[in-house]
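>>> missing the sequence, but the structure's below:
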């Protein structure tokens, strides 16, 4: 079945540094979603990418969908302590596969 | 307020004692699902339901049952819990279950089976 691999598993950065997490699928994805889970919280939807090569931005967050629609990335510029949490990518809804997540910690 | 609620939020039980975790949503969503979250494994889908009286297995259905008698409720039943079912459980819902739908998650239920 479809597998979604996410790396790295953990990332510790100094506040102000950039952060990137990568998501790779064994099969072509019709769309990909990104969620954020704060410590002790539940996953919250961030964004969805549908088109090949699509790039979307939310303030300091940049999301990309690969040309082959098999990979995606989330890049955070100049991290802040409020960015702390685990970021998950997720494959198409009906066959939802979540990546294992990247846990981001930020040192002030 | 639009939300997904789960009860209980925390539960400690013993092996073999049947339990039910309730999930309810007030958004009139057709699609509901259950996930378990374990360290290093992310979120794995247990069961999902496209609508009332329609349920399907996810990736890890063994040891679990669900029912969908009403649109708003989707309880998760563990008939005979075992320690390997100790986990953090999330219920989620979305409008129709279409591939592009956003999923809304409940607050989670932390289950410990001794």
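Yep, it's here. Model, not experiment: these values are computed from the prediction.
>>> Surely residue A:16 and residue A:81 touch.
No - if you go by CB atoms under 8 Å, residue A:16 and residue A:81 don't touch, sitting 10.5 Å apart. No exception for glycine: its C-beta is placed from N, CA and C like everyone else's.
>>> which residues sit in contact with residue B:13?
B:19, B:81, B:111-114 (CB atoms under 8 Å, 6 or more residues apart in numbering or on different chains).
>>> so the nearest residue to residue B:109 once chain neighbours are set aside bridges to which residues?
In this structure, residue B:109 finds its nearest non-sequential neighbour in residue B:89, 4.6 Å apart by CB to CB, 6 or more residues apart in numbering or on different chains. Under DSSP bridges, the beta-bridge partners of residue B:89 are residue B:36, residue B:109.
>>> mind checking how far residue B:89 is from residue B:5?
13 Å (CB to CB, to the nearest Å).
>>> the more surrounded of the two?
With neighbours defined as other CB atoms under 10 Å in any protein chain shown, residue B:89 and residue B:5 compare such that residue B:89 has more, 22 against 14.
>>> Correct me if wrong: the more buried one contacts residue B:43.
No - checked against CB under 8 Å, the pair residue B:89 and residue B:43 is beyond contact range at 10.1 Å.
>>> Show me the common contact partners of these two, please.
Common neighbours of residue B:89 and residue B:43 (CB under 8 Å, 6+ apart) are B:35-37.
>>> ok, these vs chain A, which is closest?
Sorting the shared contacts of residue B:89 and residue B:43 by how near they are to chain A, with CB to the nearest CB, puts residue B:35 at the top with 7.7 Å.
>>> one step back: report the contact partners of the residue nearest to residue B:109.
Taking CB under 8 Å, 6+ apart, one finds B:6, B:21, B:34-37, B:46, B:76, B:108-111 in contact with residue B:89.
>>> do you know how far it is from residue B:46?
8 Å.
>>> Next, show the common contact partners of these two.
B:34-36, B:76.
>>> Take these and lay them out in CSV including neighbour count.
Below are these laid out as CSV (neighbours: other CB atoms under 10 Å in any protein chain shown):
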residue, neighbour count
B:34, 28
B:35, 27
B:36, 23
B:76, 22
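>>> pLDDT added to those, as JSON lines?
Converted to JSON lines, the shared contacts of residue B:89 and residue B:46 look like this (pLDDT from 0 to 100):
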{"residue": "B:34", "pLDDT": "97"}
{"residue": "B:35", "pLDDT": "96"}
{"residue": "B:36", "pLDDT": "97"}
{"residue": "B:76", "pLDDT": "98"}
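>>> Out of those residues, the closest to residue A:66 would be?
Nearest to residue A:66 among these is residue B:35, at 25.5 Å by CB to CB.
>>> how far away is the residue sitting nearest the centre point of chain B from residue B:87?
In chain B, the C-alpha closest to the average C-alpha coordinate belongs to residue B:34, at a distance of 2.8 Å (CA atoms, centre = their mean). Noted for residue B:34: a distance of 11 Å to residue B:87, by CB to CB.
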